[in-house]
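Undergrad: task: produce atomic coordinates for the following.
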Amino acid sequence: MLVIVTYDVSTETREGRRRLRRVAKACEGVGQRVQKSVFEFQVDLARFEELERKLLAEIDEKEDNLRIYRITEPSRLHVKEYGCFRAVDFEGPLLA
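TA: Numbers count the residues shown, from 1 in each chain. Model prediction:
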């Protein structure tokens, strides 16, 4: 499944800046960054649930915002891209 994660972590405190780094690191280990605080993931249900647990463990729900979108299949009908960035086609060939 295609999953989009967006987050806004308060960085006014040292702990907030640490949370921001931990959230980004959790995302970088699984998906691809498409904007500063936006990641795309192509994952199965088990990996999705693991990622969600990790992210929820890192954020402070009183100060931060985490949004997770599951894009229904076929995702190519629901995602439009404009501009110079092109996401990795996880369904396409490995070599171009």
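
Undergrad: give me the neighbour count for Tyr7.
TA: 22 (other Cβ atoms under 10 Å). In this view, the C-beta of every residue, glycine as well, is placed from N, C-alpha and C.

Undergrad: correction: Val9
TA: Neighbourhood size, Val9 [other Cβ under 10 Å]: 21.

Undergrad: hmm, it is touching Ala26, no?
TA: No - Val9 lies out of contact with Ala26 (Cβ atoms under 8 Å); the separation is 11.6 Å.

Undergrad: which residues touch Ala26?
TA: With contact taken as Cβ atoms under 8 Å, 6 or more residues apart in numbering, Ala26 is in contact with 51, 54-55, 58.

Undergrad: dump the residues you listed into CSV; add secondary structure and neighbour count as well.
TA: Output for these, formatted as CSV (DSSP: H, G, I helix; E, B strand; the rest coil; neighbours: other Cβ atoms under 10 Å):
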residue, secondary structure, neighbour count
Leu51, helix, 21
Lys54, helix, 16
Leu55, helix, 18
Glu58, helix, 20
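
Undergrad: which two among those residues are spaced furthest apart?
TA: The distance between the two most remote of the contacts of Ala26 (Cβ to Cβ) is 11.0 Å, for Leu51 and Glu58.

Undergrad: so what's Asn65 up against?
TA: Residues in contact with Asn65 (Cβ under 8 Å, 6+ apart) are 7-9.

Undergrad: is Leu66 in a helix, a strand, or coil?
TA: strand (DSSP: H, G, I helix; E, B strand; the rest coil).

Undergrad: what's across from it in the sheet?
TA: Tyr7 (DSSP bridges).

Undergrad: quick one: the helices in the protein, in order.
TA: Secondary structure of the chain by DSSP state H: the helices cover 14-28, 45-58.

Undergrad: tell me the most buried of the ones you listed?
TA: With neighbours defined as mean count of other Cβ atoms under 10 Å, the helices of the chain peak in mean count at helix 14-28, which reaches a mean of 16.
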